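Student: I would like to see how this sequence folds:
(2 chains)
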Amino acid sequence: MTPVHTFRLEPFDITLHATEEGVATLQSRFTTWARTLAGSARFVCWQMPATLDDKIGAVGATLQATAEPGRAQLLMEYRRHYEAMQSGAQYQRALCGMALWSEQNPRASAAAMTSAFDTGVQASDWPPLFEGHYRVRDGVIPHLAPTGRPGGRRFWTILSSYEFNPTTWNFFRPLPVLLMMNLPLAVCIDIPKTYDRNAGINAIENVIQAYQVHLAGVSGEDSRSVQRIADCRRALAEINQGDRLHTVSLHIAVAADDLETLRERAAAITAETRAWFSLRQETGELLARAVSCFSARSSKQIGLPDTTWPVTSRELALMLAPLGYRKLAATDGVLRGEAVGAAYPVFHNSWRDKRATHEVWVGSSGYGKTFALNCYLTREYAENGIAFDLLEPMGHGRHVAEAFGLPWFVMSAKATCLNPQDVMFPTLLEQKNHTIRIYETVMGRALSGGQRENLERGLLGEALELVFSGFSDLSRVTPDLSPTCDVICDVLSGLGDNPQTKAIARDLAQEIAGLCTGSGPWAGFLNGTTNLDLTRAGRDRIGPRVFSFHDLESDPILQALAYTQVLSAIRRDSLIDETPRIIAVDEVYRLMRHPSLLDFLIEAAKTFRTRRKKLISVDQSGYNSSCVVARGV
Amino acid sequence: MSADFKSHVLLRDEKGFLGIPFKRLILAAVGGGLVYSLVRFASSEASLPLGVAAGIALLILTGLQGGLPLWLRLTYRLRGWLLTGAAAEAAGVFGQVASSLNLPLDLYRLDSIQIFAPAETEVIPDLHEWMLFTSPTEADSGDGLAFVTAPLEDV
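Tutor: Residues are numbered from 1 along each chain as shown, chains lettered A, B, ... in the order given. Prediction:
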């Protein structure tokens, strides 16, 4: 006897695939999986009542534990919000399971399904449809009634399919309509047999032949037979394209607290699906047997009369649509939003992995990216205590800073000074490259790619080496000790071992000095000791920080430089520990339009990931951000 | 993306007479004819009405509702009636009749622990197939560590 293996499948949100191309890809993937079926299979989707109790309890526990008034106030509001959501809704949680009667290793089967359905699949037991003892009863409707102490247990009844109508199925009708009715129910797609390709073709060809013989002797019109031949030929064409022929029956178990409601619900389900398939109300012995359709018992053992319907793999794929309706998913993690159309809150825990998961948020202007970012950061901090660094160009960070009483660092062309020579990297080579990148951005040209540029790069590097040579340990160079731009220019102007290189060094020093020192356009911002506390300063833990760049909006170069220096300081601190932290960069394109800073961002993304620092890149175009994250991970 | 479901491509459902498919008409005719022939040996007067009645009865009994013919539904109803009686009193008349007919008496007493018992999904690899070596040279002499079913006796 072929062993049975049961699996649990993580339902996903089909609205994420809700484009013509998306659902076509989904159906194609599901079809490919169905084509690999060799023996019997069964897909079941349970819709169980669910609550936000776990979430409310977790928020309450954090509220008790926190000593910070800002966090406590927010947690209280979050708890009230969850309670209000719960009181106005009847949530359900969808669970999906697959049973395969196969000799194949269950791990291999799970891996195949993971790949085909693009969702988590693991070999696991199935949940029971009901608990305790039940008996078959008649009444206003044939049903299963709990025996012994009811204990809030419901009445159940089961409907089985016996005929499928020639209608169009897709991932949104008819099965998802049942799930949208928000009834406590379970749907079973039983696939007792998958025909071998040749056997399927032979069986259909025999039917065609029989119909042709019949039609040859019929003088009048027999549209049913003509249509049947057309259907058979269509099925043959699909099988010849690689599909398999499966026999399928559909069983729906629905529950209610009283028999009258149960009857109404059964009638509603039958009426709703009548256009696609006909359902039979199971009664007596058949009702008792049909219960096992929601277990791992084989169709042969269950022994229901055969009212299966033959479908091809591409049709079967659409019967797995309930997999795309997860309703209330797990409530660990923080609230990220609402499922489209379903009014279900969506929680996501992105800290399950040992390494951080970077995120790219893309959307047109005005679609709420910044607002969502503020919400997300405050929730992560309030509920999980995960600190963050928010870098944003519009000044909206004030709201987050005020909510928690956080330091709000506002970069200003007049009041802020960020010394490019501040030590941000542990080795001299990395530090040199970093500082050169900043000067490249200031000068608006790369110090590479030509003989003169290469010499300039070498000379600038030499000047930096000279000024840092006085420090035995780079990590001890605090901002007040860091050499300033005019020192670099002085040292640079005296370098060179022949007249030509001396001239190049002098020219480069003059160029940098003209921009960064004296009355140069960026002198106030770059030439001096950094007056913003970006250091760790002996603290064990750095709290959340908000950096706003709206005062630099008129000068994109200054803005890019400020982004880079702040990110460099964050990167430097992130090397010290593996405490989860979020680094959110709003309008990341402002940083990326300077090619010399792009590599820095990619490098920073790599470091952040390994040190459990999540980089959230918010942009209006997905291309820039995805480049960084894809190359950074 | 969608799919247009087809009619039953493995079953024949030809046009018949008065909405009754040919195969049911043929079955009724053959059945009625058979009854007529057999009864005729005993009583020639009763053979015709009985043959016609048998034909009509077959026609009715093969009528489909809910995908099941009437005779099957009646059979299940009778079985269900016996099982209900047996479930109420296993030692009573219904219980005895049901057990003599080998009907599944426990079918009406649904225990979730039994019905939804987990399938044997755990695959335990047979470690006896494997031998562990700390260096490639051990493989030549077969000195590797092997998994055994029970402790070896002292040599």
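Student: tell me which strands and helices the helix or strand hosting residue A:602 is in contact with?
Tutor: Taking DSSP states H and E as the definition, residue A:602 sits inside helix A:595-610. Using 3 or more Cβ pairs under 8 Å, 6 or more residues apart in numbering or on different chains; DSSP states H and E as the contact test, the elements touching helix A:595-610 are helix A:428-443, helix A:556-574, helix A:589-592, strand A:613-619, helix A:622-632. For every residue, glycine as well, the C-beta is placed using N, CA and C.
Student: which of the ones you listed sits most buried?
Tutor: Highest mean neighbour count among these (mean count of other Cβ atoms under 10 Å in any protein chain shown): strand A:613-619, with a mean of 25.
Student: so that strand versus helix A:556-574, what angle?
Tutor: 160 degrees (axes from the mean of the first three to the mean of the last three Cα atoms, to 10 degrees).
Student: Pretty sure residue A:76 sits against residue A:64.
Tutor: No. Judged on Cβ atoms under 8 Å, residue A:76 makes no contact with residue A:64 at a distance of 11.0 Å.
Student: quick revisit: as a markdown table, the helices and strands packed on helix A:595-610 with distance to residue A:414 and mean pLDDT would be great.
Tutor: A markdown table is the format used below for the helices and strands packed on helix A:595-610 (distance: least, Cβ to Cβ, whole Å; pLDDT from 0 to 100):
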| stretch | distance to residue A:414 | mean pLDDT |
| --- | --- | --- |
| helix A:428-443 | 18 | 89 |
| helix A:556-574 | 11 | 83 |
| helix A:589-592 | 20 | 72 |
| strand A:613-619 | 27 | 90 |
| helix A:622-632 | 30 | 54 |
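Student: Looking at residue A:76 and residue A:64, which is more packed in?
Tutor: More neighbours surround residue A:76 than the other of residue A:76 and residue A:64, with 14 against 9 (other Cβ atoms under 10 Å in any protein chain shown).
Student: Please identify which of the helices and strands packed on helix A:595-610 is closest to chain B.
Tutor: The closest of the helices and strands packed on helix A:595-610 to chain B is helix A:622-632. By Cβ to the nearest Cβ, the value is 24.3 Å.
Student: Show me what the strand or helix carrying residue A:462 is packed against.
Tutor: Using DSSP H and E, residue A:462 falls within helix A:451-468. Applying 3+ Cβ pairs under 8 Å, 6+ apart, one finds that helix A:451-468 makes contact with helix A:428-443, helix A:485-493, helix A:499-516.
Student: export those helices to TSV and tack on distance to residue B:11?
Tutor: TSV is the format used below for these (distance: least, Cβ to Cβ, whole Å):
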stretch	distance to residue B:11
helix A:428-443	74
helix A:485-493	87
helix A:499-516	85
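Student: Of the ones you listed, give the one that comes closest to residue A:282.
Tutor: Taking Cβ to Cβ as the criterion, helix A:428-443 is the member of the helices and strands packed on helix A:451-468 that comes nearest to residue A:282, at 71.8 Å.
Student: what about residue A:1, how many neighbours?
Tutor: 7.
Student: Please name the residues that touch it.
Tutor: Counting by Cβ atoms under 8 Å, 6 or more residues apart in numbering or on different chains, residue A:1 touches no other residue.
Student: Roughly how far does it sit from residue A:404?
Tutor: In this view, residue A:1 and residue A:404 are 62 Å apart by Cβ to Cβ, to the nearest Å.
Student: List of residues touching stretch B:33-50?
Tutor: By Cβ under 8 Å, 6+ apart, the residues outside stretch B:33-50 that reach it are B:51-52, B:54-55.
Student: First-to-last residue distance for that stretch?
Tutor: Stretch B:33-50 has its terminal residues 10 Å apart, counting by Cα to Cα, to the nearest Å.
Student: Identify the residue nearest the residue in the stretch 201-350 of chain A positioned nearest to chain B in space, chain neighbours excluded?
Tutor: Nearest to chain B in the stretch 201-350 of chain A, going by Cβ to the nearest Cβ, is residue A:284, at a distance of 2.8 Å. Spatial nearest neighbour of residue A:284, excluding adjacent residues (Cβ to Cβ, 6 or more residues apart in numbering or on different chains): residue B:80 at 2.8 Å.
Student: I'd say residue A:281 and residue A:141 touch.
Tutor: Yes. Residue A:281 lies in contact with residue A:141 (Cβ under 8 Å); the separation is 7.1 Å.
Student: In PDB, list the C-alpha atoms belonging to the helix or strand of chain B with the lowest mean pLDDT.
Tutor: Here the helix or strand of chain B ranked lowest by mean pLDDT, DSSP states H and E is helix B:136-141, holding a mean of 74. The C-alpha atoms that make up helix B:136-141 are tabulated as PDB, following Å, rounded to 0.1, in the frame of the first residue of the first chain:
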ATOM      1  CA  PRO B 136      40.400   7.500   3.600                       C
ATOM      2  CA  THR B 137      42.800   4.700   4.500                       C
ATOM      3  CA  GLU B 138      40.300   3.200   6.900                       C
ATOM      4  CA  ALA B 139      38.100   2.400   4.000                       C
ATOM      5  CA  ASP B 140      40.600  -0.100   2.600                       C
ATOM      6  CA  SER B 141      40.700  -2.100   5.800                       C
END
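Student: after it, next one along is what?
Tutor: Downstream of helix B:136-141, the next assigned helix or strand under DSSP H and E is strand B:145-146.
Student: Paired strands for that following strand, with orientation please.
Tutor: strand B:131-132 (antiparallel) (DSSP bridges).
Student: burial count for residue 3?
Tutor: Since you didn't name a chain, this refers to chain A. Other residues close to residue A:3 by other Cβ under 10 Å number 14.
Student: wrong one, chain B
Tutor: Residue B:3 has 21 neighbours, counted by other Cβ under 10 Å.
Student: gap between the lengthiest helix in chain B and the chain center?
Tutor: When chain B is parsed with DSSP state H, its longest helix is helix B:22-42. Relative to its chain's centre, helix B:22-42 lies at 29 Å (Cα atoms, centre = their mean, to the nearest Å).
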